[in-house]
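>>> Sharing a sequence plus its predicted fold:
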Amino acid sequence: MKQNILITGANGQLGQSLQRVYAQTQTEKYTLYSTDVDTLDITDCKALENYIINNKIDSIVNSAAYTAVEKAETEEEKAYLINEQAVVNLAAIAKKRNLFLIHISTDYVFDGTSRVPYTPEMPINPISVYGKSKAAGEKAILDQQIRSAIIRTSWLYSPYGGNFVKTMVRLGKERESLQVVNDQIGAPTYGADLAEVIFAILGECNSFSGPEIYHYANEGVISWYDFAKEIMRLTQLDCQVTPISSAAYPAKVQRPAYSVFDLSKIQKRFNLHIPTWTESLEKAMPEILSNTR
Ligand SMILES: NC(=O)c1ccc[n+]([C@@H]2O[C@H](COP(=O)([O-])OP(=O)(O)OC[C@H]3O[C@@H](n4cnc5c(N)ncnc54)[C@H](OP(=O)(O)O)[C@@H]3O)[C@@H](O)[C@H]2O)c1
C-alpha cells in the first residue's frame, strides 16, 4: 500500500527538490501531500493535526524552516517559533499518532572549531541565533524519543530559491571580478541528492524505533572560494575570483569556519553512493543556469 507523506515547506529549495525527485522516481510508492506556509502553517498546532488526520498521513518530512541566517540575529522570536516551537508541535503529533518524522537540521549547530570531520555524536555548540534555534528543534525531537531521522546538511543549493550557486552565476554575469572567502571550509549539498536520500530513509522507516541523527552532504572538502571558482569554470563565465579572509568580509553573523561532516554513518546505514560535490554541481548546472537571470 502507498504511504501518505506530508512535505512541509514544499516551496523551499529542499521542498521543491523533493517534489521533483518524487515525480521522477517515487510515485508508485508514495502519495505526496506538499504544503507550505500558505496552505499549512506548521506553527498552527491544530491545523497541523487536522491536516494529518484528514489526509491519513503516515510520515512527515519537515523541510519548512526559518533559514534567513543574518536576519535571525534580529528576528530571534520568529526563528525560534518556526525552528523550535513548530518542531515541538510536529514531534508531539508524531508521537501521539505514531508517525515517522524526517527533520532537516544544519551544520550551524556546530561552532566550527573542530579539526576533524564532525560525526553526528559530537557535541553541538551553535554560535548564531539561527544555529541555536535549529539546535532547539533537534532537542524537541530528541526529548519526545519519536521514530525519526534528524538529517544535518550543509551548503544546500538547487535550481530553486536563493543559494550560493545562483548568486555566483548572477554575479559572474554582472561583474569582471569577485572576492570570495577561503577560510570557511565545508561541503556543498545538491538538493536533489538530499531528496533521494530522504526517500531512501522513508523506505526504511519501519527499522526506526527512536530518533537517529545523520550527517549528509556531497563528498569532498572545499572552501567557498573553491566552490565559486568551479562554478565560474563550469559556466565559462569570464569573472576573476580571488580569495579573501572572513575577517575582511563584513558580516552580521559569525559562521562556522569548519563545517566538514563525517558521512560514514548515513552511508553505511542506508548503503548510499554519495556523489562528489563536483559531480553533482556539473549535473545541476544546466537547470540552475536556465533558472538564473
Ligand atoms: N539552505 C542551506 O544552505 C541549508 C544548509 C543547511 C541546512 N539547511 C536546512 O535545510 C532545510 C531546508 O532548507 P531550504 O534551503 O530548502 O529552506 P528554504 O528554501 O528557506 O525553504 C523553507 C520553506 O519553509 C517555509 N516556511 C517558513 N515558515 C513556515 C511555516 N510556519 N509553515 C510552513 N512553512 C514555512 C518557507 O516559506 P517562506 O519562504 O514563505 O518563509 C520556505 O518555503 C532547513 O531545515 C534548513 O535549516 C539549509
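Alright, I've got the coordinates. The structure presented is a predicted model; accordingly, all values stated were derived computationally and were not measured. Numbers count the residues shown, from 1 in each chain.
>>> Could you check how far the most centrally placed residue in the chain is from the ligand?
The chain has Thr153 as the residue nearest its centroid, 4.9 Å off, counting by CA atoms, centre = their mean. Going from Thr153 to the ligand by CB to the nearest ligand atom, to the nearest Å gives 5 Å. No exception for glycine: its C-beta is placed from N, CA and C like everyone else's.
>>> Just give the closest residue to that residue, not the sequence neighbours.
Counting by CB to CB, 6 or more residues apart in numbering, the nearest residue to Thr153 once its immediate chain neighbours are dropped is Thr189, at 4.8 Å.
>>> Endpoints of stretch 253-262, how far apart?
Distance between the two ends of stretch 253-262: 25 Å, counting by CA to CA, to the nearest Å.
>>> Any residue of that stretch touching the ligand?
No: between stretch 253-262 and the ligand, judged by CB under 6 Å from any ligand atom, nothing touches; the nearest distance is 8.9 Å.
>>> name the element Glu77 belongs to?
Following DSSP states H and E, one finds Glu77 within helix 76-80.
>>> Identify each buried residue in that helix, please.
Buried residues in helix 76-80, defined by neighbour count with 16 or more other CB atoms under 10 Å: Ala79, Tyr80.
>>> now could you export just the CA positions of that helix as CSV?
The C-alpha trace of helix 76-80 is given here as CSV (Å, rounded to 0.1, in the frame of the first residue of the first chain):
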residue,chain,number,x,y,z
GLU,A,76,15.0,35.7,17.2
GLU,A,77,11.4,35.2,18.2
LYS,A,78,10.3,34.3,14.7
ALA,A,79,13.3,32.0,14.2
TYR,A,80,12.5,30.1,17.4
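>>> So that it lines up with my notes, have the first residue be 44 from now on.
In the new count, where the first residue is 44, that last one comes out as helix 119-123.
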